[in-house]
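*Asks:* using only what follows, build the 3D model:
(one chain, ligands or ions: 1)
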Amino acid sequence: MKKFKSSRESRVSITELMLPSHSNFGGKVHGGHILNLMDQIAFACASKHSQSYCVTASVNRVDFLNPIEVGELATLKASINYTGKTSMVVGVRVESENITTGEVKHCNSSYFTMVAKGKDGKNKTVPGLILKTKQDIRRFARSKERKQSAFKRDSKYESNNFKVNEYLEFLQGENVKMDFD
Ligand SMILES: CC(=O)SCCNC(=O)CCNC(=O)[C@H](O)C(C)(C)COP(=O)(O)OP(=O)(O)OC[C@H]1O[C@@H](n2cnc3c(N)ncnc32)[C@H](O)[C@@H]1OP(=O)(O)O
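*Replies:* Residues are numbered from 1 along each chain as shown. Predicted coordinates:
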C-alpha cells in the first residue's frame, strides 16, 4: 500500500433518482434517506483511500439547505479532506437536479470521520494525503481545526470537568426554569 495518496485517487460520485418511496409526509425526500446515502459514499471514499473496511466514527453537523423533490436526481460527491493516523475526514456534498429544467441546487454538505479497520478488527494506519492545491490545504487545515475544537469542547463539557456555576449566567434568557432537587 502507498504511504501517501492524493484525494483524486479516492474521489467518488453517485447519482440516484429520488423515488416516491423515499418521500416524507410533506412529499420531499426524507432526510434519513439522504443521510444513509451520504454514509455509504463516505464509506466508499474512505475504503478506497485506505484499502480497508472502515467504520463511521462521527458525522459533523448536516444543515439541510434545500429540500430534494421526488423525481429529482440527487448527486453526491465525496473526497478525502484530512488524514490522521487511523482516521480520515471525508467531505460529502449533495446536489439535486431537476430533470426537466436542469436547475441544480446545493442541498447539504457534511464531514464524516471514518476509521480504517484491519482484518484483526483493530484500527489500521491509513496512507497520508498528498496536498496538491490551495483547496487541498484549505480543506485539510479546516478539518484539523474542527477536530481540535471538537476535542476542546468535549473536554470542557465532560461531567468531571464541568463547572456548573460558570454556566448559570450563560443560560440567562433561555427557555428554561432552574428547579434543582
Ligand atoms: C452505533 C453505530 O452503529 S455507529 C455506526 C457505525 N460505526 C461504528 O460502529 C463505530 C463504533 N465505534 C468504534 O468502533 C470506535 O469507537 C472507533 C473506531 C470510532 C474509535 O476507535 P477507538 O479505538 O475507540 O479510538 P481511538 O481513540 O484510538 O481513535 C481512533 C481514531 O479515531 C478518531 N476518533 C475516534 N472517535 C472520534 C470521534 N468521535 N470523532 C472524530 N474522530 C474520532 C481518533 O481521533 C483517532 O484518529 P487518529 O488515529 O487518526 O489519530
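
*Asks:* quick check, central residue of the protein?
*Replies:* For the chain, the residue lying nearest the average C-alpha position, counting by C-alpha atoms, centre = their mean, turns out to be residue 111 (2.3 Å).

*Asks:* number of nearby residues for the closest residue to it other than its chain neighbours?
*Replies:* Distances taken as C-beta to C-beta, 6 or more residues apart in numbering put residue 60 closest to residue 111, at 3.9 Å, once the chain neighbours are dropped. All C-beta spots, glycine's among them, are computed from the backbone N, C-alpha and C. Applying the criterion other C-beta atoms under 10 Å, we find 16 residues in the vicinity of residue 60.

*Asks:* so how far is the ligand from residue 60?
*Replies:* Residue 60 sits at a distance of 9 Å from the ligand (criterion: C-beta to the nearest ligand atom, to the nearest Å).

*Asks:* same check, this time on residue 41
*Replies:* Between residue 41 and the ligand the distance, using C-beta to the nearest ligand atom, works out to 15 Å.

*Asks:* let's verify that residue: helix, strand, or coil?
*Replies:* Three states are possible here, and by DSSP: H, G, I helix; E, B strand; the rest coil the one that applies to residue 41 is helix.

*Asks:* what pairs with the residue nearest to the centre of the chain across the strands?
*Replies:* Using DSSP bridges, the bridge partners assigned to residue 111 are residue 91.

*Asks:* just checking, the residue nearest to residue 111 touches residue 146?
*Replies:* Yes. The pair residue 60 / residue 146 is scored as a contact, 6.8 Å apart, by C-beta atoms under 8 Å.

*Asks:* top helix in this structure by residue count?
*Replies:* Of all segments of type helix in the chain, defined using DSSP state H, the longest is helix 134-156.

*Asks:* where along this protein do the helices fall?
*Replies:* Across the chain, reading from the start of the chain, the helices by DSSP H fall at 31-50, 134-156.

*Asks:* if we can go back for a sec, from residue 81, how far off is the residue nearest to the centre of the chain?
*Replies:* Computed with C-beta to C-beta, to the nearest Å, the distance linking residue 111 and residue 81 is 7 Å.
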